[in-house]
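Novice: fold the following.
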Amino acid sequence: MKTNKLIIATICLLAGNIIFSQKLMTRKGEVKFEASMAAFEEIAGTNNTASCILDESTADFAALVLIKAFKFKSPLMEEHFNENYMESSKFPKASFKGKIAGFDVKKLSVTKSTYDLEGDITIHGVTKKIKTKLNLSQNGDKIIATSVIFVKPQDYKIEIPNLVKDKIAENVKISMSFTLEAN
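Specialist: Numbers count the residues shown, from 1 in each chain. Sure thing, here's the model as predicted:
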C-alpha cells in the first residue's frame, strides 16, 4: 500500500514538473549579419526564419538558422555567400545552444534586462564556446530576446579569397532578434 502511494506521488511530482516547465519558441526570428567595409559595397544578409527555444525552468536557450534562408540585395552576392563562403549545401545550418546566467522569468518586465549568455555556437561545421550579452523583456505573454555577437570568418574555417579580403570586415557582426511565445 505504501509503495502504491509512493509511486502515485512520484508520478504526480514528475507530471507537475512537465506541466509547469514552460518552453517558449519562435520560427520567425530575425538574424542579420553585416560584413561591410567603408567605401565598398554593402555585404549584409537577413534571415527571417530562424528558430529559437527558451526553457523558462532551466534557462536553456537554443537557436537554429538555415544558411540558405539568408537574403541579400544582390542575387549574385547570395549565390557567392552560399556556394563560395558558407558552403551551405555542405553546412546547411548554424546553431547556438547555451544557458542564460541568473535568468528568472518572474523578474522580467517591459524594461529590458541584460543577462550573460554562454554556450556553443556552430558555424560552417566548427563549434566554439562563446559568452555574450542577451537582452530580454516581456511584452504580454511574449518574451523579446535580442543579442549581438562578433565572429571572425577564419575562426570558423571560412576562406576569404585574397582578391576580396580587404572588402570584407575582419569581425562580422551578427544581430539576433526573437519574439518567443508558448508553443
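
Novice: where does the protein have low pLDDT?
Specialist: Applying pLDDT under 70 to the chain flags residues 1-21.

Novice: secondary structure element for the residue nearest the centre of it?
Specialist: Nearest to the geometric centre of the chain sits A63, at 3.6 Å (CA atoms, centre = their mean). A63 is part of strand 60-66 when elements are defined by DSSP states H and E.

Novice: how far off centre is the helix or strand that that strand is followed by?
Specialist: Remark: after strand 60-66, the chain's next helix or strand is helix 75-80, criterion DSSP H and E. Relative to its chain's centre, helix 75-80 lies at 23 Å (CA atoms, centre = their mean, to the nearest Å).

Novice: show residues contacting helix 75-80.
Specialist: I43, G45, F70, K71, F72 (CB atoms under 8 Å, 6 or more residues apart in numbering). Where C-beta positions appear, they are placed from N, C-alpha and C, glycine not excepted.

Novice: note down every partner strand of the strand holding A63 and its orientation.
Specialist: Strand pairing for strand 60-66, using DSSP bridges, gives strand 44-55 (antiparallel), strand 93-101 (antiparallel).

Novice: pull the longest strand from the chain.
Specialist: Taking DSSP state E as the criterion, the chain has its longest strand at strand 126-139.

Novice: got the angle between that strand and strand 93-101?
Specialist: If you take axes from the mean of the first three to the mean of the last three CA atoms, to 10 degrees, strand 126-139 sits at 60 degrees to strand 93-101.

Novice: may I see the buried residues of strand 126-139?
Specialist: When burial is assessed from 16 or more other CB atoms under 10 Å, strand 126-139 yields the following buried residues: T132, L134, L136, Q138.
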